[in-house]
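Student: Compute the structure for the input listed below.
(2 chains)
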Amino acid sequence: MDSGTDATDKSSRNFIEQIIDADLAAGKNGGQVHTRFPPEPNGYLHIGHAKSICLNFGIAKQYEGKFNLRFDDTNPAREEQEYVDAIIDDMRWLGCEWDDRLFYASDYFQQLHDWAVQLIEAGKAYVCDLDAEQMREYRGTLTEPGKPSPNRERTVAENLELFAKMKAGEFADGERTLRAKIDMASPNINLRDPVMYRIKKAHHQRTGDDWGIYPSYDFTHGQSDSLEGITHSICTLEFENHRPLYDWFCDSLGIHHPQQIEFARLNMTYLVMSKRKLLQLVTEKHVNGWDDPRMPTIRGLRRRGYTSHSIRSFCERVGVTKVNSTIDMVWLEDAIREDLNENAPRRMGVLRPLKVVLTNVPEGETAKVCELPNHPQNEEFGTRKIELGREIYIEQDDFQEDAPKKFFRLKPDGAVRLRGAGIAVLDEIVKNEAGEVVELHCAFNPDTTAKHNEKKVKGTIHWVNAEQAVEAEVRLYDHLFQTENPNKAPEGSTFLDNLNPSSLETVTAKLEPSLSHAEAGEKYQFERLGYFHVDPIDSNPGQPVFNRTATLRDSWAKSKS
RNA sequence: UGCCUCGUGGUGUAAUUGGCAACACAGCGGAUUCUGAUUCCGUCGUUCUAGGUUCAAGUCCUAGCGAGGCAGCCA
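Tutor: Okay, the predicted model is just below:
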């Protein structure tokens, strides 16, 4: 990962780096820094996870420490191997490395079980007979204390025996739980005798049917961190109230005690970030799968044409704090523009074609062989040759019959420069019976510096030779949601009502000939239009399909609105 | 109306830990340009409120206000 700066040459530090600096200065953890990313394999990674991944991996890298990938797979009911594979793939793509430190919480099931027995023996855990509903009643509310479970004072021997029976499968799902004996009157509800183990006779994707009881998140996470020698356990704000519990288990067990640090998760405009909502978009087919280019998933962004560099750079820019904030979507677009502006070769393509006949070019003849640079600021990209013929296509937007004064493109009695070719002067507008413009007739002058009516020609437009044009499907994307905060839905409606009905538009474009060889995964700038990615799934050799990653900034369009 | 956390320009973050509130993005204006792109220059604008400590407060203290999180056998 190349976004992080060296630990020593960075002038300002986020609050987590400051904590680590202080720990290091105090000689904590033997001067080591060890982080981890702990996804639950029940969904695909999204841009919010990327923030956490970049943070954790970046810190390990910055402090020359270690980074683990660990799947938090303690709930077999909703976790699948498919997600494990996808998460690993996305994390590699993002540039993470974890050497041989790929772990699963399920690796620790036996150890966790033994620790549970240890706590029972210490009188700090007990088997509870309450069912889910009763437990809720006993727990109390936010403002009232809970009351102790009738089973809270069972003897150690009794607890040991019952827990063994839970493990042996002698009870039905939900019939018993193992609970930590902490404080039913605690103002922090997480401390009111939280569940450590529940009975769940489900098949686990890794441990099969070995276990009929599974540890809860709270009884798993801290100990997993501890086992792996994690020094700084970085998680999101909603776990803040769980930290006392994290600490309680580590201390009660007398094991290595990593430090949990919470930061604010990423929110962005025009996006939903919850796994539940993303899953719903997929299952209800509002999008075409997890990798739909409109999705904020890593897979969606990849397919849209985002580079891992741009995502890392974005994550770097948004910073890390404990303040709930919402990042403007344009920051993401900006990050990819910055990358692709530098690295994408230029091409010409016309999205909505309007035919132009250069009347002074003889039929069947080539007016000019033009040599265009593949990158205006970087000669190393080389050049390519494009033939200009009698008939070409230009963008419909680049002609306006009733044009404002500041319109620098084609208009009646006007002239434009055809990029890399010469000047076209408009002579005649051809319309059909409905009065629609179907064709333009122009006079062509191969001198690109030629003047028109004594004036310099100000506008330059892109074009494609009609005879040689290759047709290709191009997908134009807009925000998936049309409101800044899609989660905010009025009474009686849901976030789905905020979907943007025109988030996807598919056109058949006319592209310059060289693009027929475009290969899956390649990225181009279509001049004046934006950045386009050759879709890795729907493209075929000789028949590329393009996804628009981002438009170019357009101060002209902005000035009109 | 319990506990926890957080309040710095439009947005996101800084502030050498008590010493002239800065950076980026957005906005606006301009220059350059064979992409109305890129690049460059200029400009606008900020410490939630009220007290207190101090020569000095974004930073420390008190109160208030506002926002978020928490009552799964989810993570």
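Student: By residue count, tell me the biggest helix in chain A.
Tutor: Using DSSP state H, we find that the single longest helix of chain A is helix A:47-62.
Student: Counting by contacts, list what the helix or strand that that one is followed by packs against.
Tutor: Sequence-wise, the next helix or strand downstream of helix A:47-62 (DSSP states H and E) is strand A:66-71. Applying 3 or more Cβ pairs under 8 Å, 6 or more residues apart in numbering; DSSP states H and E, we find strand A:66-71 packed against strand A:34-37, helix A:47-62, helix A:81-94, strand A:102-104. Bear in mind the C-beta positions are built from the backbone N, C-alpha and C, glycine included.
Student: ok, residue A:358 to residue A:423 distance?
Tutor: Applying Cβ to Cβ, to the nearest Å, the value for residue A:358 to residue A:423 is 11 Å.
Student: same deal with residue A:58?
Tutor: Remark: distance between residue A:58 and residue A:423 (Cβ to Cβ) = 52 Å.
Student: One more: residue A:529?
Tutor: Using Cβ to Cβ, residue A:529 is found at 22 Å from residue A:423.
Student: picking up where we left off before, just the mean pLDDT for the longest helix of chain A, thanks.
Tutor: For helix A:47-62, mean pLDDT is 97.
Student: distance between it and the chain's centre?
Tutor: How far helix A:47-62 lies from its chain's middle: 13 Å, per Cα atoms, centre = their mean, to the nearest Å.
Student: same deal with stretch A:333-343?
Tutor: Counting by Cα atoms, centre = their mean, stretch A:333-343 comes out at 16 Å from the chain centroid.
Student: Residue A:79 reaches residue A:39, doesn't it?
Tutor: No - in this structure, residue A:79 is not within contact of residue A:39 by Cβ atoms under 8 Å, at 10.1 Å.
Student: List phi and psi for residue A:177.
Tutor: When read as degrees, to the nearest 10, the backbone of residue A:177 gives phi -140, psi 160.
Student: residues near it, how many?
Tutor: Applying other Cβ atoms under 10 Å, we find 26 residues neighbouring residue A:177.
Student: partner residues bridging it?
Tutor: Beta-bridge partners recorded for residue A:177 (DSSP bridges): residue A:128, residue A:198.
Student: which ones are touching it?
Tutor: A:127-128, A:130, A:135, A:195-199 (Cβ atoms under 8 Å, 6 or more residues apart in numbering).
Student: Stretch A:249-258 - what's its average pLDDT?
Tutor: On average, stretch A:249-258 scores 98.
Student: And stretch A:120-129, by the same measure?
Tutor: If you average the pLDDT over stretch A:120-129, you get 98.
Student: So for it, first residue to last residue, what's the gap.
Tutor: Stretch A:120-129 has its terminal residues 16 Å apart, counting by Cα to Cα, to the nearest Å.
Student: list the buried ones in it?
Tutor: A:120, A:124-128 (16 or more other Cβ atoms under 10 Å).
Student: Ok, stretch A:95-113 next?
Tutor: Buried-residue list, stretch A:95-113, by 16+ other Cβ under 10 Å: A:95-96, A:98, A:103-109, A:112-113.
Student: Report the two of the residues you listed separated the most.
Tutor: A:95 and A:113 (36.5 Å; Cβ to Cβ).
Student: ok, which stretches of chain A are helices?
Tutor: Taking DSSP H, the helices of chain A run over residues A:15-25, A:47-62, A:81-94, A:109-121, A:132-139, A:156-168, A:217-227, A:243-253, A:275-283, A:298-304, A:308-318, A:330-343, A:555-560.
Student: mind putting those helices in TSV, distance to RNA strand B included?
Tutor: Below are these laid out as TSV (distance: least, Cβ to the nearest atom of the strand, whole Å):
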stretch	distance to RNA strand B
helix A:15-25	4
helix A:47-62	10
helix A:81-94	12
helix A:109-121	12
helix A:132-139	4
helix A:156-168	10
helix A:217-227	3
helix A:243-253	8
helix A:275-283	8
helix A:298-304	17
helix A:308-318	5
helix A:330-343	5
helix A:555-560	4
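Student: List just the one of those helices that sits closest to residue A:489.
Tutor: So among the helices of chain A, helix A:275-283 is nearest, using Cβ to Cβ, at 11.2 Å.
Student: before we move on, back to that, looking at the helices and strands packed on strand A:66-71, which is closest to residue A:538?
Tutor: Distance to residue A:538, taken as Cβ to Cβ, is lowest for helix A:81-94 among those, at 19.3 Å.
Student: how much does the closest one deviate in direction from strand A:66-71?
Tutor: 160 degrees (axes from the mean of the first three to the mean of the last three Cα atoms, to 10 degrees).
Student: Report pLDDT for the nearest residue to residue A:123 once chain neighbours are set aside.
Tutor: Of all residues not flanking residue A:123 in the chain, residue A:156 sits nearest, at 6.2 Å (Cβ to Cβ, 6 or more residues apart in numbering). Note on residue A:156: pLDDT of 98.
Student: so who does residue A:156 touch?
Tutor: A:120-121, A:123.
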